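> Can you look at this prediction? I've put the sequence above it.
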Amino acid sequence: MTTKVLISLAFFLFFLNQANSDTYHTFSRQISPKELGLKQEKLTHLHFYLQDILSGPNPTAVPVLNPKLPNTSSIGFGFMAMADDPMTVVPDPRSKLVGRAQGLYASASQTEIGFTMVLNLVFTQGEFNGSTLSLLGRNVILSKVREMPIVGGTGVFRFARGYAQAKTYVFNNTSLDATVEYNVYVFHY
């Protein structure tokens, strides 16, 4: 009889332990931002110039797809470029570098020059050195000011959300090189 009681008790404790272990290994749970060391959320404004250079011996953006389809020559539908564009503090491409815009952009409209932008804004200077912001959105480049969402970030910009406004500062119709002014407004901890 005592053997049966001990075996029953062992099974009971085993199943009780299994039930408790599931509560510690759940798929999701709510936590406080303080558990991650996050403090007061703040809003930061970043201002820089993106140097998109497709010409010359050292381009910062290169075409990776340029389809030769009928009726696309005027807007470049289907064109895609990979970019590693310098981000500078003033419009001069030789000015102080604050980071690089790395990613791709692709012509995604059949009716206007509109790009889908997928960029990581990689900061290499100052308090944001080593941090990134992720930009993902639509950029109709002939519009005076374009707005694109900031969908995340790393480092100082963990849990980032916000938007970027892009305004063409200068564009060369022959080389297709451009300097684009960016104002980025981002909430982060």
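Looks like it arrived, so ask away.
> partners of the host helix or strand of Asp84 in the sheet?
For Asp84, the host element (DSSP states H and E) is strand 80-88. Partners of strand 80-88 in the sheet, by DSSP bridges, are strand 42-52 (antiparallel), strand 61-65 (antiparallel), strand 97-107 (antiparallel).
> among these, which is nearest Gly137?
For Gly137, the closest of the strands paired with strand 80-88 is strand 97-107, at 10.4 Å, according to Cβ to Cβ. Every C-beta, even on glycine, is put in place using the N, C-alpha and C of the backbone.
> Spell out for me which residue occupies the centre of this protein.
In the chain, the residue lying closest to the centroid (Cα atoms, centre = their mean) is Ser134, at 1.1 Å.
> Please give the number of neighbouring residues around the closest residue to that residue other than its chain neighbours.
Nearest-residue entry for Ser134: Gly152, 4.5 Å, with adjacent residues in sequence omitted and distances by Cβ to Cβ, 6 or more residues apart in numbering. Gly152 has 18 neighbours, counted by other Cβ atoms under 10 Å.
> surely Gly152 meets Gly162?
No: contact criterion Cβ atoms under 8 Å: Gly152 and Gly162 do not qualify, at 10.1 Å.
> all strands in this structure, in order from the N-terminus.
42-52, 61-65, 80-88, 97-107, 114-123, 132-140, 146-154, 161-171, 178-188 (DSSP state E).
> Any stretches of this protein with poor pLDDT?
For the chain, the stretches with pLDDT under 70 are 1, 3, 5-24, 69-73.
> that older thread, ok, which of the strands of the chain comes nearest Glu35?
Among these, if distance is taken as Cβ to Cβ, the winner is strand 178-188, at 17.3 Å.
> rewinding a little: contacts only, for the residue nearest to Ser134.
Leu133, Ser134, Phe159, Ala160, Arg161 (Cβ atoms under 8 Å, 6 or more residues apart in numbering).
> can I get those in CSV with distance to Leu97?
Below are the contacts of Gly152 laid out as CSV (distance: Cβ to Cβ, whole Å):
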residue, distance to Leu97
Leu133, 16
Ser134, 20
Phe159, 26
Ala160, 21
Arg161, 26
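> Name the member of the residues you listed with the most neighbours.
Leu133 (29 neighbours).
> can I assume that residue is in contact with Ala160?
Yes: judged on Cβ under 8 Å, Leu133 makes contact with Ala160 at a distance of 5.8 Å.
> can you list residues touching both of these two?
Shared contacts of Leu133 and Ala160 (Cβ under 8 Å, 6+ apart): Ile150, Gly152, Gly153, Val186.
> how close does the closest residue to the last one other than its chain neighbours get to Tyr185?
In other words, Val186. Distances taken as Cβ to Cβ, 6+ apart place Gly162 nearest to Val186, at 3.5 Å, with adjacent residues excluded. Using Cβ to Cβ, to the nearest Å, Gly162 is found at 5 Å from Tyr185.
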